[in-house]
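J.: sequence and predicted structure, then a few things I'm wondering about:
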Amino acid sequence: MSFNKAAAILVVCAITSFAQDRIPDLLRKGILAEDSEQKPGAAIQQYQAVMNQFAEERQMAATALFRMAECYRKQGQKPQAIAAYQRVLRDFTDQTKLAQQSRTTLTTIYSVAPADSAQPPNPKTQAQEQAVIAARARYRLTLENEESIVEKQLSLVRNRQKAGVDGALSSAELEQKIQQLKREIAAFDAGFVKAPYTGGTK
């Protein structure tokens, strides 16, 4: 390794070490200004400094990872190179230039579809899924409410029976209804019973 490369590595390590020591200190100062000194404006400045430092560290880490991927590529270590490029895409999407270079290398050199190349979620499908989730929640709540009503009826019937008054409904019928509702809720939770839904796709 040449002297220049060794010096560059030492400089990067020193900067990274300084940044890592500085972030907790800035964060402590921000919390102190916010909580103890009751100075939210000063705290915001400290927190912003932490965020700026974090962004710089992310850029440095992304660059190092991309350069490592390039080294693997130059050495002909295909699996390691692909994994490193894909990690750039997965962990550092905010570093757009490096992400784009990684995507291009994966598709053109290795004929690999990048992990981030999946189709973006369809807003209409997402809205339909949310509607189905809401419908299922309402349906389950209806079952629970019905169970609660029947349990109250059962309690009333039992009280009437204790008092010697006959009712139109027997406690056995109500107990059977409660068990049926419990089974329906369990089956619904297990996905065996679908909630009725008329707002779109089924």
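T.: Thanks, I have the structure now.

J.: element containing the residue of the chain most remote from its centre?
T.: Counting by C-alpha atoms, centre = their mean, the extreme residue of the chain relative to its mean C-alpha position is residue 164, 58.3 Å from that point. Under the criterion DSSP states H and E, no helix or strand holds residue 164.

J.: residues contacting it?
T.: Residue 164 sits next to no residue when contact means C-beta atoms under 8 Å, 6 or more residues apart in numbering. C-beta coordinates here come from the backbone N, C-alpha and C atoms, glycine included.

J.: mind checking pLDDT for it?
T.: Per-residue pLDDT puts residue 164 at 77.

J.: now do the strands in this protein.
T.: Counting by DSSP state E, the chain has no strands to list.

J.: how does it divide into domains?
T.: The chain breaks down by automatic domain parsing into domains covering 3-117, 123-189.

J.: which regions of this protein sit below the pLDDT cut-off?
T.: 1-23, 115-126, 166-169, 188-202 (pLDDT under 70).

J.: one more time with 90, if that's ok
T.: By pLDDT under 90, the weakly predicted segments of the chain are 1-65, 91-94, 110-202.

J.: neighbours of residue 25, just the number please.
T.: 12 (other C-beta atoms under 10 Å).

J.: quick one, what contacts it?
T.: Contacts for residue 25 were tallied using C-beta under 8 Å, 6+ apart; there are none.

J.: just checking, residue 27 touches residue 46?
T.: Yes - the criterion here is C-beta atoms under 8 Å, and residue 27 meets it with residue 46 at 7.2 Å.

J.: when those two are compared, which one has more neighbours?
T.: More crowded of residue 27 and residue 46, by other C-beta under 10 Å: residue 46, with 20 against 15.

J.: need the contact list for that one.
T.: 26, 27, 29, 30, 33.

J.: which non-adjacent residue is nearest it?
T.: residue 30 (3.2 Å; C-beta to C-beta, 6 or more residues apart in numbering).

J.: quick one: the one you found and residue 43 touch, right?
T.: Yes - using C-beta under 8 Å, residue 30 is in contact with residue 43, at 4.6 Å.

J.: between those two, which is the more surrounded one?
T.: Set residue 30 next to residue 43 and count neighbours by other C-beta under 10 Å: residue 30 wins out with 21 against 18.
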